[in-house]
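**Student:** need coordinates for the below:
(one chain, ligands or ions: 1)
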Amino acid sequence: MELEGSWFLQFLHPCFCFLALFFLIFFFLHCLVTLKPWCNCEICHSFLTSSWSKQFDNLCDWYAHLLKTSPSGTIHIHVLGNTITANPDNVEYMLKTRFDNYPKGKPFSMILGDFLGRGIFNVDGDLWKFQRKMGNLEFNKYSMISYAFEIVNCEIKSRLVPLLSSTAGKEDGVLDLQDVFRRFSFDSICRFSFGLDPMCLESSLPMSEFAVSFDLASKLSAERAMTASPLVWKIKRMLNIGSEKKLREAISTINILAQEVIRQKRKMGFTTHKDLLSRFMGTVIDETYLRDIVICFLLAGRDTIASALTSFFWLLANHPDVGSAIRLEADRVIGANQELSSFEQLRELHYLQAAVHESMRLYPPIQFDSKFCQEDDVLPDGIFVRRGTRVTYHPYAMGRIEEIWGPDCLEFKPGRWLKDGVFFPANPFKYPVFQAGPRVCLGKEIALVELKCLSLSLLRRFHIELKTPSRTPLFSPGLTASFRGGLPVLVRERETTL
Ligand code: HEM
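**Tutor:** Prediction:
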């Protein structure tokens, strides 16, 4: 009762009423200038009434359909003030040619600002340039990739394989692979970024306080983007109620833990450590800034990896011939019953590299990504973009467009990436899965090492079958694609001496 009373009083406070009125007028004017809230065109009507869901399983499938049938490969959702494109020329234009006119923008950085602070993922301009330069210096070092290789293989051997083996021994050996991959990627990225091991993949499958708070903060921050208007979450934040109260608490737990790790490192000495935080500590003194930088890497490198692995194993379960070809190649390059021993060996597995790329072509972990246009502009396909509106490129739709990938674009065919058995990368603007241009994903090479090491290891040791075979995946809304209901599988050991 006491809580309700104070809530109500806050609501009636004249300052609050004035602020709320100010926000409402501002929001109303903003809507009139940038959006068309009254639009009743076919697309907007279908969006507002969700009638698209009668025909399509996922929103991204509906967008893919619209983009495929649009002559220029671009559409408008007027009510959202969003121009969505699957046209590679437009993608190159916004991500490279006129990079400065398409920053992430304030609306995005406000949504993730409380969680990510001034970290690389959430800033533009000089703050971004500084961290990018530092990141480029570190990520281009061979020592960084081999450190990631070391961590990932340790996590595979000491936790992942024993966990799957113990499940395989049971009568009804069912496991949610999506959950396993999330734990795996959280342990790996925490060790890589902080030098801290949350041990989420231990056999009892515990959830550390840090992991729980991190999950909650990512989920609640993503939900801000889904409210009808930013005003909703901003008012809730001001009043510290509901999801915003929970978000504040989760962020506070993350901050306490992150600060503790930073202090410990300063005390113990960090110069000989190989993790990202130790590498950045030499250049950055401000503790909050250090925290922001590292939390961004955690967010960037956790769910993306889990998402890529989940859809890859879903595809492999539906295409056993691809799994067999990966095993055959591994036996030829590494040797039958021989363990992968070096990062160099991994580079020789061209078919595996092709299969991982092909999987993300159809199921990119980040299905779409938006920027905000700074000044009025015209895209290469002649579409006008008004200043202050959103422009979105859509890798998920692009993977399904015949003009880009040919008439067999809907098929899972790793062979399309190979020329005479050698992997051949695609133009990054027609495959912007890792984004492209100056802001291309910093962790791309590390991600590929992680994806290849893990899939190779599981494919050579286990038979993995879907518990409930499905025609298409159903996705949950969020910053990164995830399967609704997880990925329940049946696991059996293969005959191997690995
Ligand atoms: C399959 C896995 C991954 C995919 C598909 C992926 C994809 C992407 C995409 C699309 C972006 C651009 C996002 C945006 O600007 O809104 C991005 C940025 C970034 N990624 Fe990744 N990523 C992956 C894994 C990783 C990993 C493992 C790390 C770190 C070890 C990482 C670090 C980053 C960073 C730091 C940025 C920000 C770059 C900048 O703004 O300059 N990523 N990634």
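**Student:** by contact count, what packs against the helix or strand residue 163 falls within?
**Tutor:** For residue 163, the host element (DSSP states H and E) is helix 161-168. In terms of contacts (3 or more C-beta pairs under 8 Å, 6 or more residues apart in numbering; DSSP states H and E), helix 161-168 is packed against strand 174-176, helix 444-461, strand 488-493. Bear in mind the C-beta positions are built from the backbone N, C-alpha and C, glycine included.
**Student:** and of those, who's closest to residue 56?
**Tutor:** strand 488-493 (23.8 Å; C-beta to C-beta).
**Student:** strand partners of that closest one, parallel vs antiparallel please.
**Tutor:** Strand 488-493 has the following sheet partners, assigned by DSSP bridges: strand 174-176 (antiparallel), strand 462-466 (antiparallel).
**Student:** buried ones in that strand?
**Tutor:** Using 16 or more other C-beta atoms under 10 Å as the test for burial, strand 488-493 gives 489, 490, 491.
**Student:** so which residue of the stretch 351-498 of the chain comes closest to the ligand?
**Tutor:** Closest contact between the stretch 351-498 of the chain and the ligand, by C-beta to the nearest ligand atom, is at residue 443 (2.1 Å).
**Student:** excluding chain neighbours, what is closest to that residue?
**Tutor:** residue 301 (5.2 Å; C-beta to C-beta, 6 or more residues apart in numbering).
**Student:** may I have the phi/psi pair for the one you found?
**Tutor:** Note on residue 301: its backbone torsions stand at phi -100, psi 10 [degrees, to the nearest 10].
**Student:** and it, what's its pLDDT?
**Tutor:** pLDDT for residue 301: 90.
**Student:** isn't it up against residue 189?
**Tutor:** Yes. Using C-beta atoms under 8 Å, residue 301 is in contact with residue 189, at 4.2 Å.
**Student:** between the two, which one's more packed in?
**Tutor:** residue 189 (28 against 25; other C-beta atoms under 10 Å).
**Student:** where's that one, which helix or strand?
**Tutor:** Judged by DSSP H and E, residue 189 forms part of helix 177-194.
**Student:** so that helix versus strand 488-493, what angle?
**Tutor:** 80 degrees (axes from the mean of the first three to the mean of the last three C-alpha atoms, to 10 degrees).
**Student:** residue 478: helix or strand, and which one exactly?
**Tutor:** Going by DSSP H and E, residue 478 is not part of any helix or strand.
**Student:** pLDDT value on the closest residue to it other than its chain neighbours, please?
**Tutor:** Sequence neighbours aside, residue 222 is the residue nearest to residue 478 in space, at 4.9 Å (criterion: C-beta to C-beta, 6+ apart). Model confidence at residue 222, given as pLDDT, is 87.
**Student:** how much space is there between residue 222 and residue 325?
**Tutor:** Note on residue 222: its distance to residue 325, by C-beta to C-beta, to the nearest Å, is 36 Å.
**Student:** repeat for residue 144
**Tutor:** From residue 144 to residue 325 the distance is 30 Å (C-beta to C-beta).
**Student:** again with residue 377
**Tutor:** The value you get for residue 377 to residue 325, if C-beta to C-beta is used, is 45 Å.
**Student:** ok, residue 143 next?
**Tutor:** 33 Å.
**Student:** and the helix or strand harbouring residue 265, what does it pack onto?
**Tutor:** Here residue 265, judged by DSSP H and E, is contained in helix 242-268. When contacts are defined as 3+ C-beta pairs under 8 Å, 6+ apart, helix 242-268 packs onto helix 106-116, helix 209-224, helix 230-239, helix 276-281, helix 287-318.
**Student:** the first one and the ligand in contact?
**Tutor:** No. Using C-beta under 6 Å from any ligand atom, helix 106-116 never reaches the ligand; the gap is at least 7.7 Å.
**Student:** name the next helix or strand downstream of that helix, please.
**Tutor:** That would be, after helix 106-116 and using DSSP H and E, helix 125-139.
**Student:** ok, now which ones touch residue 116?
**Tutor:** 122, 221, 292, 295, 296, 299 (C-beta atoms under 8 Å, 6 or more residues apart in numbering).
**Student:** can you pull the pLDDT of it?
**Tutor:** So, for residue 116, pLDDT stands at 93.
**Student:** how much space separates it from residue 277?
**Tutor:** 16 Å.
**Student:** then residue 398?
**Tutor:** Taken as C-beta to C-beta, the span from residue 398 to residue 277 is 35 Å.
**Student:** okay, these two: which has more neighbours?
**Tutor:** residue 398 (29 against 23).
**Student:** report the contact partners of the residue nearest to that one when sequence neighbours are not counted.
**Tutor:** Nearest residue to residue 398, sequence neighbours excluded (C-beta to C-beta, 6+ apart): residue 86, at 4.7 Å. Counting by C-beta under 8 Å, 6+ apart, residue 86 touches 64, 67, 68, 73, 74, 393, 394, 397, 398, 401, 404.
**Student:** among these, which are in strands?
**Tutor:** Judged by DSSP state E, the contacts of residue 86 include 74, 393 as members of strands.
**Student:** ok, now which ones touch residue 433?
**Tutor:** 360, 361, 364, 365, 366, 395.
**Student:** just flag the most distant two among those residues.
**Tutor:** Within the contacts of residue 433, 361 and 366 form the most distant pair, 13.1 Å apart (C-beta to C-beta).
**Student:** more crowded one of the two?
**Tutor:** Higher neighbour count among residue 361 and residue 366: residue 361, with 25 against 21, using other C-beta under 10 Å.
**Student:** give me the element that one is part of.
**Tutor:** helix 350-362.
**Student:** where does pLDDT dip in the chain?
**Tutor:** Applying pLDDT under 70 to the chain flags the ranges 1-38, 497-498.
**Student:** identify the residue nearest the geometric centre of it.
**Tutor:** residue 304 (3.6 Å; C-alpha atoms, centre = their mean).
**Student:** wait, isn't it in contact with residue 480?
**Tutor:** Yes. The criterion here is C-beta under 8 Å, and residue 304 meets it with residue 480 at 5.8 Å.
**Student:** which residues do these two both contact?
**Tutor:** With C-beta under 8 Å, 6+ apart, residue 304 and residue 480 have common neighbours 365, 366.
**Student:** thank you, goodbye.
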